[in-house]
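# got a predicted structure here, sequence first:
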There are 2 protein chains.
Amino acid sequence: MKHSYFASQEHHSSDVMLPLDEVLQNIAFNEAGLIPVIAQDVHSQEVLMLAWMNRHALELTLATKKMTYWSRSRQAIWKKGETSGNWQHVVSMSLDCDGDTLLCRVEQTGAACHTGRHHCFYLSINPDDNKVCVQKPWANHLSFHLLLR
Amino acid sequence: MKHSYFASQEHHSSDVMLPLDEVLQNIAFNEAGLIPVIAQDVHSQEVLMLAWMNRHALELTLATKKMTYWSRSRQAIWKKGETSGNWQHVVSMSLDCDGDTLLCRVEQTGAACHTGRHHCFYLSINPDDNKVCVQKPWANHLSFHLLLR
């Protein structure tokens, strides 16, 4: 992990930009060459999903402004939305202090989750009664739309 | 990975709770026994950080309602806030469809990031000019407070 590069940038002036190439070269990809990527809905602020990118997927995402992951199960580039039509259009991207996690704020077309739910985090843990609730498909998305009325 | 358990729960009724123990036993910890955990500010909705938990850290988090991670660099339990005072009080927890990522919405005391910034994602990537901006400490938190005025 190349944390020392990012540690040295903690106090870097916000008026002097870093070259993107330099930053990309120092990203702390894990031993499989991957970095976890959080996709957040830019409108509802909901965290939609977490998936993984390798350097190539990240470069494709930067070039196309469409979220492109590395599928660990299929071991292949995964252009999110290519088969479902549920694209994620990139609005902003940021790296964390250790350079080992990427946060992308996106415009989500349709559902982010393969189950049809707007986001993937539908298993709600209740530690007080040691139970887990499986939220209904679309319940969370409907509540978001109701809030906007 | 135990994705088949979570795949079989996709259509589970939201009226019939799952036992927490059963769910915990099926979490898809990685080969190092860890799961990525996203901490989101329950008030501002900002994604604060991503860190990792093993089964023991997750059980401590459930028991204490304070975010407790596994420090990969120190190879030790990391009670967030124990040295800094910047605790993360758990408000809600949810697992994703694959059972391999945890999302926790928290009340953040002080700064989540060790740099003093409210969150860790302060390196903003601008793909249009191939530059990265290092956001100033507290700039993001101040802007949040200004929005609330």
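Great, that's in hand.
# so, low pLDDT: which residues of chain A?
For chain A, applying pLDDT under 70 flags the ranges A:1-2, A:138-149.
# which one is the residue of chain A positioned farthest from its centre nearest to, not counting chain neighbours?
Taking Cα atoms, centre = their mean, the residue of chain A most remote from its mean C-alpha position is residue A:129, at 31.0 Å. Take residue A:129 and drop its neighbours on the chain: the residue closest to it by Cβ to Cβ, 6 or more residues apart in numbering or on different chains is residue B:17, 7.7 Å away. Where C-beta positions appear, they are placed from N, C-alpha and C, glycine not excepted.
# ok, now residue A:51?
Per Cβ to Cβ, 6+ apart, closest to residue A:51 is residue A:69, 4.2 Å.
# next one: residue A:114
Nearest one to residue A:114, counting by Cβ to Cβ, 6+ apart, is residue B:97 at 6.8 Å.
# wait, that neighbour touches residue A:119, no?
No. In terms of Cβ atoms under 8 Å, residue B:97 does not count as a neighbour of residue A:119; the distance is 9.3 Å.
# and for the two, which residues touch both?
Counting by Cβ atoms under 8 Å, 6 or more residues apart in numbering or on different chains, the shared contacts of residue B:97 and residue A:119 are residue A:113.
# the two: which is more packed in?
Neighbours per residue (other Cβ atoms under 10 Å in any protein chain shown) separate residue B:97 from residue A:119, with residue A:119 holding more: 25 against 22.
# element containing the more buried one, please.
Assigned by DSSP states H and E, residue A:119 belongs to no helix or strand.
# need the contact list for it.
Counting by Cβ under 8 Å, 6+ apart, residue A:119 has contacts A:41, A:46-49, A:112-113, A:140.
# out of everything not next to it in sequence, what's closest to it?
In space, residue A:119 is closest to residue A:48, 4.5 Å off (Cβ to Cβ, 6+ apart).
# then residue A:60?
Using Cβ to Cβ, 6+ apart, the nearest residue to residue A:60 is residue A:68, at 4.2 Å.
# the one you found and residue B:17, how far apart?
To residue B:17, residue A:68 is 37 Å away according to Cβ to Cβ, to the nearest Å.
# neighbour count for the two, which is higher?
Counted by other Cβ under 10 Å, residue A:68 and residue B:17 do not tie: residue A:68 has more neighbours, with 25 against 17.
# contact partners for the more buried one?
A:53, A:57, A:60-61, A:77-80.
# quick check, nearest of these to residue B:4?
residue A:78 (20.3 Å; Cβ to Cβ).
# what segments of chain A are strands?
A:18-19, A:35-41, A:47-53, A:68-71, A:76-79, A:88-95, A:102-108, A:123-126, A:131-134 (DSSP state E).
# can you put these in TSV and add distance to residue B:135?
Below are the strands of chain A laid out as TSV (distance: least, Cβ to Cβ, whole Å):
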stretch	distance to residue B:135
strand A:18-19	12
strand A:35-41	17
strand A:47-53	20
strand A:68-71	25
strand A:76-79	30
strand A:88-95	8
strand A:102-108	12
strand A:123-126	32
strand A:131-134	37
